[in-house]
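Student: Predicted structure and sequence below. I'll ask about it afterward.
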Amino acid sequence: MINIGILGCGNIARTRHIPEYAANPDCRITAYYNPSRGKAEALARQYGGKVYDSAEELLADPSIDAVSVCTANDAHAALSVAAMKAGKHVLCEKPIACTIEEAQEMLHISEETGRLLMAGHNQRFLPAHREAKEYLNKGTIGKILSFRTTFGHGGPEMFMKVKDMNSWFFRKEKAAMGVMADLGVHKIDLIHYLTGERSMRVSAKLSTLDKCREDGSPISVDDNAVCLLEMESGAVGTVTASWTYYGQPDNSTVIYGSKGIMRLYDDPDHSLLIKLADGSLIAGRSGPMDFRAPSGVIDSWIESIKAGKVLESDGKSALDAMKTVFAAIRSSETGTSIEIH
């Protein structure tokens, strides 16, 4: 039985990590830490386990095998490094770090300590995306020429129990970045996963178009981002991320190949739809995206711990995605196209 500790008991821990750990028969949650102790105590009462007074105290417990880092962005890297040095495997929420140097250190410490490091990039686990990967690997739509992928909804406040426009999500000193690192990184990781390539160049525009704090002042991070990516093969495409889609969320991807077009979560009746150049149609999984379904991240994480290696979304792929995010930010700041190394 794998003993799990939870660092940070906010929305993502409550709605994703903790219920999915509880549903997995190969692990149990034994430890919680949250700066406001009440949230941790409520979860301990519901799921069992002990509440610790500090992250340091939790990490010092030798009975804990692995942790989920679900804190504000600014603590991700430091807690992940401390956990791995303390002998714990780490599943870190995105973005894994606030700087490239922090992300690189996390990867280095993982290699040095032999502790596993996985990022919470859940897009690659969605059923239609897994099915799409199989078709792409078979060459069903031919050579990938271009793509467009979008992730937009009404903003983090839409998922909070109490709407809080002063949340850490909207403060640069805690979040470091806005929607580009919150939603955009998911779609970058997805494109890397589906194409099997890294992005090599990016041109981007990040903006704060609408979100305001409760006093009416604009939030200090971006709420919209549009990126043009060039991939290793020369394929080009757009990544759009937004916190201002106040109607229906958009989590769609369209891939244009030399033999046809693949649509993912872009059709009301089929989450995967392929129309080939000869007019034939391949309809995959039916229905829209189910946000209530398990993400697949936790089950893959537990299997990774059992296997002794990260099976999906390892530190290297997370670093590749973050390199693109940081390049997009620099592109927007400088008004130039940025090469990604």
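Tutor: Cool, the structure landed. These numbers were taken from a predicted model, which means no experiment stands behind them.
Student: Could you give the backbone dihedrals for the spatially closest residue to Arg285 that is not a sequence neighbour?
Tutor: Once flanking residues are discounted, Arg285 sits nearest to Ser271: 4.6 Å by C-beta to C-beta, 6 or more residues apart in numbering. For glycine as for every other residue, the C-beta is placed from the backbone atoms N, C-alpha and C. When read as degrees, to the nearest 10, the backbone of Ser271 gives phi -70, psi -20.
Student: same check, this time on Ser36
Tutor: phi -90, psi 110.
Student: ok, how many other residues are close to it?
Tutor: 9 (other C-beta atoms under 10 Å).
Student: Check Thr140 too.
Tutor: Neighbours around Thr140, by other C-beta under 10 Å: 16.
Student: Local confidence estimate at it?
Tutor: Looking at Thr140, its pLDDT reads 98.
Student: quick one, what contacts the nearest residue to it once chain neighbours are set aside?
Tutor: Nearest in space to Thr140, with sequence neighbours left out and distances taken as C-beta to C-beta, 6+ apart, is Ile274 at 6.3 Å. Ile274 sits next to 135, 140-141, 260-263, 281-284 when contact means C-beta atoms under 8 Å, 6 or more residues apart in numbering.
Student: Got phi/psi on the closest residue to Trp168 other than its chain neighbours?
Tutor: Spatial nearest neighbour of Trp168, excluding adjacent residues (C-beta to C-beta, 6+ apart): Lys174 at 3.8 Å. For Lys174, the backbone dihedrals (degrees, to the nearest 10) come out as phi -110, psi -40.
Student: pretty sure Lys174 contacts His76?
Tutor: No. Counting by C-beta atoms under 8 Å, Lys174 does not reach His76; the two are 11.0 Å apart.
Student: Would you tell me which helix is longest in this protein?
Tutor: helix 315-334 (DSSP state H).
Student: residues of that one that come out buried?
Tutor: 315, 317-329, 331-332 (16 or more other C-beta atoms under 10 Å).
Student: Please apply the same query to stretch 277-291.
Tutor: 284-285, 289.
Student: what do you get for stretch 151-159?
Tutor: 151-153, 155-157.
Student: cool, stretch 242-255 as well?
Tutor: Judged by neighbour count using 16+ other C-beta under 10 Å, the buried positions of stretch 242-255 are 242-245, 249, 251-255.
Student: Identify all contacting residues around that stretch.
Tutor: 129, 132, 136, 141, 144, 146-156, 178-179, 182-183, 187, 190-191, 194, 209-211, 223-225, 261-266, 289.
Student: From the opening residue of it to its closing one, how far?
Tutor: 20 Å (C-alpha to C-alpha, to the nearest Å).
Student: before we move on, what about stretch 194-204?
Tutor: Stretch 194-204 end-to-end distance (C-alpha to C-alpha) = 21 Å.
Student: Just the buried residues of that stretch, please?
Tutor: Buried, per 16+ other C-beta under 10 Å, within stretch 194-204: 194-195, 197-204.
Student: returning to what we had before: Provide the secondary structure category for the residue nearest to Thr140.
Tutor: strand (DSSP: H, G, I helix; E, B strand; the rest coil).
Student: just to revisit the earlier point, Lys174 and His76 - which one has more neighbours?
Tutor: Shown here are Lys174 and His76; by other C-beta under 10 Å, His76 has more neighbours (27 against 17).
Student: Could you pull up the mean pLDDT of the helix or strand harbouring the more buried one?
Tutor: Using DSSP states H and E, His76 maps to helix 76-85. Per-residue pLDDT over helix 76-85 has a mean of 98.
Student: quick check: angle from it to helix 315-334?
Tutor: Using axes from the mean of the first three to the mean of the last three C-alpha atoms, to 10 degrees, one finds that helix 76-85 and helix 315-334 are set 160 degrees apart in direction.
Student: Tell me the buried residues in helix 76-85?
Tutor: 76-84.
Student: quick one: which of the buried residues of stretch 194-204 sit in helices?
Tutor: Using DSSP H, the buried residues of stretch 194-204 in helices are 194-195.
Student: how about the buried residues of stretch 194-204, which pair is most distant?
Tutor: Farthest-apart pair in the buried residues of stretch 194-204 is Leu194 and Ser203; separation 20.9 Å (C-beta to C-beta).
Student: first vs last residue of stretch 170-182, how far apart are they?
Tutor: Using C-alpha to C-alpha, the end-to-end distance of stretch 170-182 comes to 11 Å.
Student: who touches it?
Tutor: In contact with stretch 170-182 (C-beta under 8 Å, 6+ apart) are residues 72-74, 94-95, 98-99, 156, 168-169, 204, 206, 208, 211, 213, 219-225, 227, 241-243, 325, 328-329.
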